[in-house]
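Trainee: need coordinates for the following:
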Amino acid sequence: MNVTIPRYEKEPPFLEYSDQDSFFGGDAPLSKEVGYVVVIGFGALFSVITTILVFVSTYFTSGSRTITSENFNTAGRMVKTGLTASVIVSQWTWAATLLQSSNVAWQYGISGPFWYASGATIQILLFGVIAISLKKVAPSAHTVCEIVNARWGRTAHKTFLFFAFCANIIVTSMLLLGGAATVEALTGVDYRLASFLIPWGVILYTVAGGLKATFLASYIHTVIIFIVLVIMIFVVYIKAFSSDLIYQFLEKTISYSEEECAAIYSFANGTSYYDDKTYACGPVPGNNSGSYLTMLSADGLMFGIINIIGNFGTVFVDQSYWQSAIAARPSSAAKGYLLGGICWFAIPFSLATSLGLASTALMLPITASEAGSGLVPPAVAQHLLGNGGAVLILIMLFMAIVSTGSAESIAVSSLVAYDIYREYINPNATGKQILWVSRITIIFFGLIMGGFSIALYEMGLNLGWVYLFMGIVIGSAVAPLWFLLTWKGASGKGAVIAAWSGFALALIVWFIAALVQSGEISVKALGTNEVMLSGNLVAIFSSAAIHYAYSVFIDPTDYDFSQLDKKITLVEQDLSGLGVEQQDPVELDKAFKWITRRGYVLTFVLIVVWPLLSIPAGKFTEEYFAFWVLVSVMWGFGAAITITVLPLTESSEEIGAIIKGIKGKLGMGEKEEEPTEFKISPVVLEKEYEEPEVTKEQPIAEEQPYYSEEPTKEVIYNNNDDDDERSVDA
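Mentor: Numbers count the residues shown, from 1 in each chain. Take a look at the predicted model:
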């Protein structure tokens, strides 16, 4: 039977895509020059901007040109709520956040963006509990593995160092896999070359400024990401279409029979290239009424479970999130993680609800392979806004890659410097040596990750496959690391046994499940939702059960958390963020209760209450869908405003000091108020005093001058490279 489907110019299926069996199968929409400008030009530009910001901030607020190893790896431990939230959003916005979230919308409909967002937000909310626990019992820590070593010893230290490195490698490889594939599709730049060029945008400013540079750059990147997000939401639901029109198009997409879909996806000579597993046409298998407009999706729910399990590993085992907790001031740690999680939710939820659903509503010729490689957002943006849309997505993606890549680079450098070099090679390492190792590691890691991502691509592993796989590798480390700071009865031996046993069991079940389902072990067989789900579940739950059982029945312990921080030593006496005020136990207890209540409640709402409330709706009505879209739009706009404005308002004093300092240098201010020189007041010098003891338990207040062991020496910090020492009569 011959079926003829009319093609339209202004509604799907579009005439312009006739005879086109894939969206990006032809020439790239943008030139290679555009690709090089974004990858190399933007990388160099942000390196210069960030380096200048770090220098100016350090120069005019601390009066020093130098960066200590402590500051390089902890950013002074005094980061405020707004910037902490911005950094969390930036770190958690992977290439997968922008690309994979729209892929699952293309596959499952409404449920995909929701499960991606909620399934990856709760980990941030719950990690807020860990963040404030760290501030209570291990405020001097530099890395998570340093805490493991202090509590459980070297065997456990080596074990969790392995899993921490696995987390960093998997996350970075996903960044480059998705980023390089999109750069190649949009600009024609070879993915192998892109894989090596992209890291340089991260290496330069991270090497120069350390964690502080990462935080400042992350804020800029996050603002740009939200600007593009708001543009895309506006274009899809306000300028080009409306929620009602998208609803009607989605209904039309699932109404086609297999014969009609074959007629749509065919060449001019009548030869069809349609495959129901390749193109989004007709009813959605496993969804209520075969509709994209329902939360009752079997595959969507399965993806949600995998997403929840897998992302616990990439937050709790990733050093970059521990490093952000270490860098935050105690009063900001809990609030920063909560706010960061709420704002981050908008990125996958709002972006995929617009671009992801639009891809199926408009019936663009996107193949399953293209969707799996994360090319849904650039395809829709290219269709709606032409080359300008493609450029916006490319810039947005680059921001996500370099922001997360920078965090991963500084995380790996801290692990190598403190947990390998200082622990096993040079226990008496100086601050300069730690700083040198950190910087060399950043360069080395950036270079080898380009090669690793190429290796994964050549093995046939795309972004979607690696995203589902990560929980199998690192999921077994989650429970022991949660118990590390929250349960005094957690056994060190039990932690090691649980981590390795859970990992082994996950791999065994993963392979067996592939054999049972497909009769073979291959990349395709191992990558199905059911097989990935089995491995992810076994990894996290078997490890938790083993660790609990071993700690309770075989090796019971009663650890004294008050001893933990005493086993962690600073390389330099940089006591910023470790003062009496910051370590007030009453305030820390209040913060712990605050985040515990809100974190648990919001987690329950996002993964239980919200989905249950959506079940009675079944297949969404036009009005229900309009309300759903309204929520996504408002959440997106609200998050964009919050994450942009709050860090600026909180840092108004520092910004004012910098501006005042710059004016002073330019001769526009009063010279005697030059902020870059700190002098001891004559009144202070006339007083008799006893030399203060510099310890972590009783640090000198930050506003007081530092006195050396010789009471007849005064050190005045100024803009010169060398300290100016003058004798004073005490």
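Trainee: touching, Ile326 and Ile132? I think so.
Mentor: No. At 11.9 Å, Ile326 does not count as touching Ile132 under the criterion of C-beta atoms under 8 Å. Placement of C-beta: from N, CA and C, glycine included.
Trainee: residue contacts, the residue nearest to Thr360 when sequence neighbours are not counted?
Mentor: With C-beta to C-beta, 6 or more residues apart in numbering as the measure, Ala280 is the residue that lies nearest to Thr360, at 4.4 Å, once sequence neighbours are left out. Remark: with contacts taken as C-beta atoms under 8 Å, 6 or more residues apart in numbering, Ala280 is in contact with Trp106, Gln107, Thr253, Ser359, Thr360, Met363, Ile366.
Trainee: Ala280 falls within a strand, correct?
Mentor: No. Using DSSP: H, G, I helix; E, B strand; the rest coil, the secondary structure at Ala280 is coil, not a strand.
Trainee: and the next helix or strand past whichever strand or helix holds Val601?
Mentor: Remark: Val601 resides in helix 585-604, with elements defined by DSSP states H and E. Taking DSSP H and E as the definition, the helix or strand that follows helix 585-604 towards the C-terminus is helix 610-614.
Trainee: okay, buried residues for that next one please.
Mentor: Of the residues in helix 610-614, those scored as buried under the neighbour-count criterion (16 or more other C-beta atoms under 10 Å) are Pro611, Ser614.
Trainee: residues in contact with it?
Mentor: Contact partners of helix 610-614, identified using C-beta under 8 Å, 6+ apart, comprise Phe114, Ser118, Met295.
Trainee: same question, stretch 591-608
Mentor: So stretch 591-608 is in contact with 118-119, 121-122, 125-126, 128-129, 131-133, 135-136, 304, 308, 330-331, 333-335, 337-338, 341-342, 345, going by C-beta under 8 Å, 6+ apart.
Trainee: ok, back up a step: turn the contacts of helix 610-614 into TSV, including distance to Ser562, neighbour count and secondary structure.
Mentor: TSV is the format used below for the contacts of helix 610-614 (distance: C-beta to C-beta, whole Å; neighbours: other C-beta atoms under 10 Å; DSSP: H, G, I helix; E, B strand; the rest coil):
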residue	distance to Ser562	neighbour count	secondary structure
Phe114	43	29	helix
Ser118	37	23	helix
Met295	47	26	coil
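Trainee: and of those residues, the nearest to Pro556?
Mentor: Using C-beta to C-beta, the shortest approach to Pro556 within these belongs to Ser118, at 36.7 Å.
Trainee: which residue is the nearest non-sequential neighbour of that closest one?
Mentor: Going by C-beta to C-beta, 6+ apart, Ser118 has Leu606 as its nearest residue, at 4.1 Å.
Trainee: tell me, how many residues neighbour the one you found?
Mentor: By the measure other C-beta atoms under 10 Å, the count of residues near Leu606 is 21.
Trainee: do the same with Val538
Mentor: Burial of Val538 is recorded as 25 neighbouring residues (other C-beta under 10 Å).
Trainee: was I right to think it contacts Leu505?
Mentor: Yes. Between Val538 and Leu505 there is a contact at 5.2 Å, judged by C-beta under 8 Å.
Trainee: where does pLDDT dip in this structure?
Mentor: 1-9, 26, 58-68, 70-78, 573-582, 665-730 (pLDDT under 70).
Trainee: what are the ranges of the strands in it?
Mentor: When assigned using DSSP state E, the strands of the chain occupy the ranges 713-716, 724-727.
Trainee: nearest residue to the middle of the protein?
Mentor: With distances taken as C-alpha atoms, centre = their mean, the chain has Trp92 as the residue nearest its mean C-alpha position (1.9 Å).
Trainee: now it: closest residue in space that isn't a chain neighbour?
Mentor: Spatial nearest neighbour of Trp92, excluding adjacent residues (C-beta to C-beta, 6+ apart): Trp344 at 5.1 Å.
Trainee: so the one you found is in contact with Gln91, correct?
Mentor: No. In this structure, Trp344 sits apart from Gln91 without contact. The criterion is C-beta under 8 Å, and the distance is 9.2 Å.
Trainee: between the two, which has more neighbouring residues?
Mentor: More neighbours surround Gln91 than the other of Trp344 and Gln91, with 29 against 25 (other C-beta under 10 Å).
Trainee: distance check, the more buried one against Asp318.
Mentor: 8 Å (C-beta to C-beta, to the nearest Å).
Trainee: how about Gln382?
Mentor: Where Asp318 is concerned, Gln382 sits at a distance of 33 Å (C-beta to C-beta).
Trainee: ok, Leu468 next?
Mentor: Leu468 is 17 Å from Asp318, where distance means C-beta to C-beta.
Trainee: more crowded one of the two?
Mentor: Of the pair Leu468 and Asp318, Asp318 is the one with more neighbours under other C-beta under 10 Å, namely 26 against 23.
Trainee: count of neighbours near the closest residue in space to the more buried one that isn't next to it in sequence?
Mentor: Among residues not flanking Asp318 along the chain, Ala167 sits closest, at 4.5 Å (C-beta to C-beta, 6+ apart). If you count neighbours by other C-beta under 10 Å, Ala167 ends up with 25.
Trainee: find the nearest non-adjacent residue to Tyr559, please.
Mentor: Counting by C-beta to C-beta, 6+ apart, Tyr559 lies nearest to Lys488, which is 4.4 Å off, once chain neighbours are set aside.
Trainee: now do the contacts for the one you found.
Mentor: With contacts taken as C-beta under 8 Å, 6+ apart, Lys488 has the following neighbours: Thr557, Asp558, Tyr559, Asp560, Phe561.
Trainee: ok, and the most crowded of those residues?
Mentor: With neighbours set by other C-beta under 10 Å, the maximum within these is found at Tyr559, which has 17 neighbours.
Trainee: tell me the buried residues in stretch 242-256?
Mentor: Of the residues in stretch 242-256, those buried under the neighbour-count criterion (16+ other C-beta under 10 Å) are Ser243, Ile246, Tyr247, Phe249, Leu250, Thr253, Ile254, Tyr256.
Trainee: which of the residues you listed sits closest to Lys566?
Mentor: Proximity of the buried residues of stretch 242-256 to Lys566 (C-beta to C-beta) peaks at Ser243, which lies at 58.4 Å.
Trainee: distance of that closest one relative to Tyr624?
Mentor: Ser243 is 10 Å from Tyr624, where distance means C-beta to C-beta.
Trainee: phi and psi next, for the residue nearest to Thr360.
Mentor: Reported as degrees, to the nearest 10, the phi and psi values for Ala280 are phi -90, psi 90.
Trainee: now swap in Gly153 and tell me
Mentor: When quoted as degrees, to the nearest 10, the phi and psi of Gly153 stand at phi 90, psi -180.
Trainee: how about it: what's its closest non-neighbour residue?
Mentor: The spatial neighbour of Gly153 that comes closest, neighbours along the chain excluded (C-beta to C-beta, 6+ apart), is Gly492 at 5.8 Å.
Trainee: which residues touch Phe349?
Mentor: By C-beta under 8 Å, 6+ apart, the contact list for Phe349 reads Ser101, Pro113, Phe114, Tyr116, Ala117, Ser632, Trp635, Gly636.
Trainee: keep only those of the residues you listed that are in helices.
Mentor: Secondary structure assignment (DSSP state H) places Ser101, Pro113, Phe114, Tyr116, Ala117, Ser632, Trp635, Gly636 from those within helices.
Trainee: neighbours around the first one, how many?
Mentor: Summarising burial for Ser101: neighbours were counted as other C-beta under 10 Å, giving 31.
Trainee: what about it, distance to Ser332?
Mentor: Taken as C-beta to C-beta, the span from Ser101 to Ser332 is 28 Å.
Trainee: gap between Lys32 and Gly451?
Mentor: As for Lys32, its distance to Gly451 is 22 Å (criterion: C-beta to C-beta).
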